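In: coords please:
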Amino acid sequence: MTESKELTVIERAQHALKAAATDQQLAELAAASKSITAITNADGLQQAHRARMTLKNTRVEIARIGKSARDDATQFSKAVIAEEKRLIAIIEPEEQRLEGLQNAWEAARAAEKKAREDAERERVQVIHAKLAKLEALPTGYTAASDPARILEIIQFLEGGLSFDYQEFAERAEAARQTALVALRQAHVEALERVEREGREAQARHEEEERLRQEREQLERDKAEQQRVAKIREQIAALSGPTHLTATDSPALIEQAIRTLEDAPIDERYGEFGSEAAAARAGGIARLTQLCNAAHAHKAEQDRLAQQRAEQEQRDRDQEARQAEIDRKEREQREAEQRRRDEERAQQAQREREQQQQREAEERRRALGERVDALHALDIAQIVADHLGTEPVVIAARVLEIPREEWFEITSQEAAA
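Out: Below is the predicted model of the structure:
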């Protein structure tokens, strides 16, 4: 076996950059300036600048050669890709055509297989569905079912299997035999049930007839009780309203008396006519006595109401007099309070004016002491700081105005 002479990617990259400098040269170049640890003078600055520029120029050259090598590699890569696409385009259409033929053949075989599997699954499902119905017959028909329908199913099963169950034939025959045994037993029980239900139906009919006759008698008795109760209510009404008292309106009670007097005693009361007449007479007598008491009560209430009205009027008059007294006293207190407030406000104003005069005098005195000790420019700076303006403007005025007049002017501005 011969050893390969092909360079690795890293070796190719190193070879491409050998023109710039070797590893040893670069290491020596980097080590040459290690002695420069600090700059203390102009010569040290120039030395550091020359060393840095040497390193920078070397770095720029390495980057230039590397970029040139990368550009060449990029162009080569693009050319390889283009040639690759050209060569593939010669054979790819035939490959795709053959792939299409192969896929079509495999799809047809898969469809045939699926059709066979679907047909087999459908066949088995049909057999299982019929087996399920056959095996469910014992539970689907019980003693509660129609005996004629059960007999019809038994006769159908006794004729044998009517469907080809193929590999499930033994299971189907066993299910048929089991169903015949269960259905015959269910048929016997259903016949017994029908006979028993017939007897029970006759007994229910007789019982219902007896109960019907009892209900009719009860309804007649109830109707009679209701008739008597209604007459009793009407007789009770002839006694007059029971909720009226001596505190009610006499007119209301008199209306109730007239209502009783107009109430007729006729055939509606039947055998209770005399009792109804007695009740009406008693009611009229009771309401007449109650009406007299109501008149007396109303007269007393009117008298008490008059007394309360007079007392309420006296109370209102007293409250009005007291309210007038309270109003005058309140107005007097408010006037006195306003007078005191005005006096305090005037005193406070006088104290503020005195304080302002003292502060202005103090500023004038302090400014005079500082002006005596400073030159014109210093005076301009102080006044400018105090007045919030430019010192140059103030200096010009200081130079133009005599010292005595300037002191007077600045004092007045400071006080303002």
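
In: Quick one: list the elements packing against the helix or strand harbouring Lys230.
Out: Element membership of Lys230, judged by DSSP states H and E, is helix 169-237. Identification of packing neighbours for helix 169-237 by 3 or more Cβ pairs under 8 Å, 6 or more residues apart in numbering; DSSP states H and E yields helix 42-140, helix 147-158, helix 273-373. Every C-beta, even on glycine, is put in place using the N, C-alpha and C of the backbone.

In: Now do the buried residues in the next helix or strand after that helix.
Out: Downstream of helix 169-237, the first helix or strand assigned by DSSP H and E is helix 250-262. By neighbour count on 16 or more other Cβ atoms under 10 Å, the buried set for helix 250-262 is Pro250, Ile253, Ala256, Ile257, Leu260.

In: so what's the first one closest to, chain neighbours aside?
Out: Going back to what we said before, that points to Pro250. Ala294 (4.3 Å; Cβ to Cβ, 6 or more residues apart in numbering).

In: Thought Gln255 was touching that neighbour, still the case?
Out: No - taking contacts as Cβ atoms under 8 Å, Ala294 lies outside contact range of Gln255: 12.0 Å.

In: Next, the contact list for Ala51, please.
Out: The contact partners of Ala51, by Cβ atoms under 8 Å, 6 or more residues apart in numbering, come to Ala32, Ser33, Ile36.

In: swap the cut-off to 10 Å and go again
Out: Leu29, Ala30, Ala32, Ser33, Lys34, Ser35, Ile36 (Cβ atoms under 10 Å, 6 or more residues apart in numbering).

In: Likewise for Asp302?
Out: So Asp302 contacts nothing (Cβ under 10 Å, 6+ apart).

In: check contacts around the closest residue to Ala48 other than its chain neighbours.
Out: Distances taken as Cβ to Cβ, 6+ apart place Ile36 nearest to Ala48, at 5.3 Å, with adjacent residues excluded. Neighbour list for Ile36: Gly44, Gln47, Ala48, Ala51, Arg52 [criterion: Cβ under 10 Å, 6+ apart].

In: Could you report the separation of Ile36 from Gln25?
Out: Distance from Ile36 to Gln25, counting by Cβ to Cβ, to the nearest Å: 19 Å.

In: Over to Asp146?
Out: 114 Å.

In: next one: Glu135
Out: Taking Cβ to Cβ, one finds Glu135 at 98 Å from Gln25.

In: Which one of those two is surrounded by more residues?
Out: Glu135 (17 against 11; other Cβ atoms under 10 Å).

In: What distance do you get for that one to Arg171?
Out: As judged by Cβ to Cβ, Glu135 and Arg171 stand 9 Å apart.

In: what inclination does the helix holding Lys230 have with respect to helix 250-262?
Out: 100 degrees (axes from the mean of the first three to the mean of the last three Cα atoms, to 10 degrees).

In: so how far is helix 169-237 off the chain centroid?
Out: 57 Å (Cα atoms, centre = their mean, to the nearest Å).

In: same thing with stretch 348-368?
Out: Using Cα atoms, centre = their mean, the offset of stretch 348-368 from its chain centre is 68 Å.

In: Next, the closest residue to Arg280 other than its chain neighbours: phi, psi?
Out: If the residues on either side of it in the chain are set aside, Arg280 comes closest to Leu238, at 4.1 Å by Cβ to Cβ, 6+ apart. Phi and psi for Leu238, reported as degrees, to the nearest 10, are phi -70, psi -20.

In: Please apply the same query to the one 4 residues further on.
Out: The main-chain torsion angles of Thr242 are listed as degrees, to the nearest 10 and equal phi -90, psi -10.

In: wait, it sits on Asp248?
Out: No - here Thr242 lies out of contact with Asp248, judged by Cβ atoms under 10 Å, at a distance of 11.9 Å.

In: Can you pick out the residue with more neighbours from those two?
Out: Asp248 (18 against 10).

In: Show the pLDDT at the more buried one.
Out: Looking at Asp248, its pLDDT reads 79.

In: what's near enough to touch it?
Out: Pro241, Ala256, Leu290, Cys291, Ala293, Ala294, His297, Lys298.

In: and those residues, which are buried?
Out: So, by 16+ other Cβ under 10 Å, the buried ones in these are Pro241, Ala256, Leu290, Cys291, Ala294, Lys298.

In: The last one: what's its closest spatial neighbour, skipping adjacent residues?
Out: Put plainly, it is Lys298. The nearest residue in space to Lys298 (Cβ to Cβ, 6+ apart) is Pro250, at 6.0 Å.

In: who's in contact with the one you found?
Out: So Pro250 contacts Leu290, Cys291, Asn292, Ala293, Ala294, His295, Ala296, His297, Lys298, Ala299 (Cβ under 10 Å, 6+ apart).

In: doesn't Ala246 make contact with the first one?
Out: What it means is Leu290. Yes - in terms of Cβ under 10 Å, Leu290 counts as a neighbour of Ala246; the distance is 6.3 Å.

In: Touching both of those two, which residues are there?
Out: Going by Cβ under 10 Å, 6+ apart, residues that sit against Leu290 and also against Ala246 are Ile253.

In: Any idea how many residues pack against Gly240?
Out: 23.

In: Phi, psi for it please.
Out: phi 90, psi 160.

In: so what's the closest residue to it other than its chain neighbours up against?
Out: Excluding the flanking residues, the one nearest Gly240 by Cβ to Cβ, 6+ apart is Gly283, at 3.7 Å. Gly283 is in contact with 235-242, 256-257, 259-261, 263, counting by Cβ under 10 Å, 6+ apart.
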